[in-house]
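In: Sequence and predicted structure below; questions after.
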Amino acid sequence: MYYDDPYNPTLENEYDVVPSRADMMSVADSDSVTVNSRILKIRKLTDDLKNEDKGYCKIKRMGLNSTNPYAMTSIEIYSGSSMPGCAIRNAITGVRFPHYKVGTRDEFMFFKVGIATGEKGLRGNSTFFFDNPEQYERHMHCKLDTTTKSEWAERNRQEILIRNSKE
C-alpha cells in the first residue's frame with residue numbers, strides 16, 4: 001500500500017516549501033503565493049516540528065526587554081533526558097552530544113541548570129545543559145554571581161585536566 005509520507009525526504013509533497021533565493025527575491029511566484037505567505041508557512045511547519053519534540057519548551061517572562069519592561073519575552077529552550085546514560089543535550093540548540101552522558105562525570109563539562117519556577121511552558125525534565133555560565137546568562141537574560149562562575153570554571157578546568165591526563 002502506497003501512502004504519501006510527509007517525513008520521507010525522497011518524496012515530493014506540499015511540505016517541501018524551502019524557498020530558493022530566487023523565490024525570496026520575487027514578489028510573487030506563478031501560483032500567486034507571496035513570499036511572506038511562504039515564509040509564514042515555513043515558520044508554522046518549524047513551530048509544529050519543535051512542538052513535537054518532548055524536550056522543547058517555550059517559556060514567557062516579563063521584564064526582560066530593556067526598552068519595555070512590561071513586555072513579554074519568549075525563551076526557547078531544550079531539556080534532555082534525566083535517565084543516566086542518555087546523551088547530554090544542548091539547551092539552546094537542542095543538539096545531543098552522543099559522547100557525553102547524563103549521570104557521569106561528563107556533566108562537569110557543561111553548566112547544568114535546574115529550572116524549578118513552575119512557569120507555563122516548562123514540561124517534563126527541567127534540567128538544562130549550557131556550554132558555560134555566560135551562555136546561560138545571555139540566553140536566559142539573567143546575571144549570575146561571580147562565585148558561581150568561578151566554582152564552575154574551577155570544576156570544569158579540573159575535569160579537563162583529568163581527561164587530558166587519561167589520554
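Out: Structure received. Numbering: from 1, shown residues only.

In: tell me the domain boundaries of this protein?
Out: Structural domains of the chain, as assigned by automatic domain parsing, span the residue ranges 1-52, 56-166.

In: now the strands: where do they sit in the protein?
Out: For the chain, the strands defined by DSSP state E cover 56-62, 72-78, 87-89, 96-101, 111-114, 127-130.

In: closest to Lys166 out of these?
Out: Counting by Cβ to Cβ, Lys166 lies closest to strand 96-101 out of those; the figure is 13.9 Å. From N, CA and C alone the C-beta is placed, and that goes for glycine too.

In: Output the contacting helices and strands for that closest one.
Out: For strand 96-101, the packing partners by 3 or more Cβ pairs under 8 Å, 6 or more residues apart in numbering; DSSP states H and E come out as strand 87-89.

In: What strands flank the strand it packs on, and is each parallel or antiparallel?
Out: strand 96-101 (antiparallel) (DSSP bridges).

In: For the closest residue to Arg96 other than its chain neighbours, give me its contacts.
Out: Spatially, and ignoring its direct neighbours in sequence, Arg96 is nearest to Ala87 (4.2 Å; Cβ to Cβ, 6 or more residues apart in numbering). Ala87 makes contact with 80-81, 96-98, 100-102 under the criterion Cβ atoms under 8 Å, 6 or more residues apart in numbering.

In: Dig out what Ala87 forms beta bridges with.
Out: Under DSSP bridges, the beta-bridge partners of Ala87 are Lys101.

In: how far does stretch 92-110 stretch from start to finish?
Out: One end of stretch 92-110 sits 13 Å from the other (Cα to Cα, to the nearest Å).

In: quick check, distance from whichever helix in the chain runs longest to the centre of its chain.
Out: In the chain, taking DSSP state H as the definition, the longest helix is helix 146-166. The chain centroid and the centroid of helix 146-166 are separated by 25 Å under Cα atoms, centre = their mean, to the nearest Å.

In: Much appreciated, bye for now.
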